[in-house]
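Trainee: Structure for this input, please:
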Amino acid sequence: MESKGIIIITSNKKAYHDYHIVDKIEAGLELKGTEVKSLRAGHAHLKDSYARIRNGEMFLLKAHISPYKYSGGYDNHEPERDRRLLLHKREIIRLKRNIETKGMTLIPLKLYFTKTGIVKVELGIVKGKRQYDKRVAIAEKDMKREIERLRKDQY
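Mentor: Numbers count the residues shown, from 1 in each chain. Got it, this is the predicted structure:
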């Protein structure tokens, strides 16, 4: 998938189902060489991953980037290691203030290459949905699909 010069590696579709997205922010990602090669091959997923602030730095936790299979095995990376996110200090302070409110957390929404080849992650400041919110969202989606189908049949 390509749009606006970016190449999307993976997206966290479950996040859109399980959370209300309040705000989005783009962050750089500190990676090892074998991680970048593995990302170019598309071997990553963001399921169950999240971001945390530790000692004034932001980290991406539980994001899975598979080991690069052509590296020979001795110089490979840990698949689910903590990866540092590259943000300005003022952005980290603003995010910390936002997520300290009740029920807010940071979830990665997309992992992508920019047009210059840099790996970026789109983080969402999110609030968890309740079960009835999920049912309402599914019902709305079904209604929109039905309306589009009827509109298409009409023409």
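Trainee: where do the strands sit along the protein?
Mentor: Under the criterion DSSP state E, the chain contains strands at 2-3, 6-11, 19-29, 44-45, 50-54, 57-61, 64-65, 83-86, 104-113, 119-128.
Trainee: Most tightly packed of those?
Mentor: Sort the strands of the chain by mean neighbour count, taking mean count of other CB atoms under 10 Å, and strand 64-65 sits at the top with a mean of 22. (Each C-beta comes from the backbone N, C-alpha and C, glycine too.)
Trainee: can you give me the offset of stretch 120-140 from its chain's centre?
Mentor: 14 Å (CA atoms, centre = their mean, to the nearest Å).
Trainee: Same question for stretch 83-103.
Mentor: Its chain's C-alpha centre and that of stretch 83-103 lie 15 Å apart, by CA atoms, centre = their mean.
Trainee: What residues sit buried inside it?
Mentor: Residues of stretch 83-103 classed as buried: Arg83, Leu85, Leu87, Ile92, Leu95, Ile99 (neighbour count, 16 or more other CB atoms under 10 Å).
Trainee: of all those residues, which comes closest to Val119?
Mentor: In terms of CB to CB, no member of those lies closer to Val119 than Arg83, at 9.9 Å.
Trainee: Can you list the neighbours in contact with the longest helix along the chain?
Mentor: As assigned by DSSP state H, the longest helix anywhere in the chain is helix 131-154. Helix 131-154 has contacts (CB atoms under 8 Å, 6 or more residues apart in numbering) with His17, Asp18, His20, Lys129.
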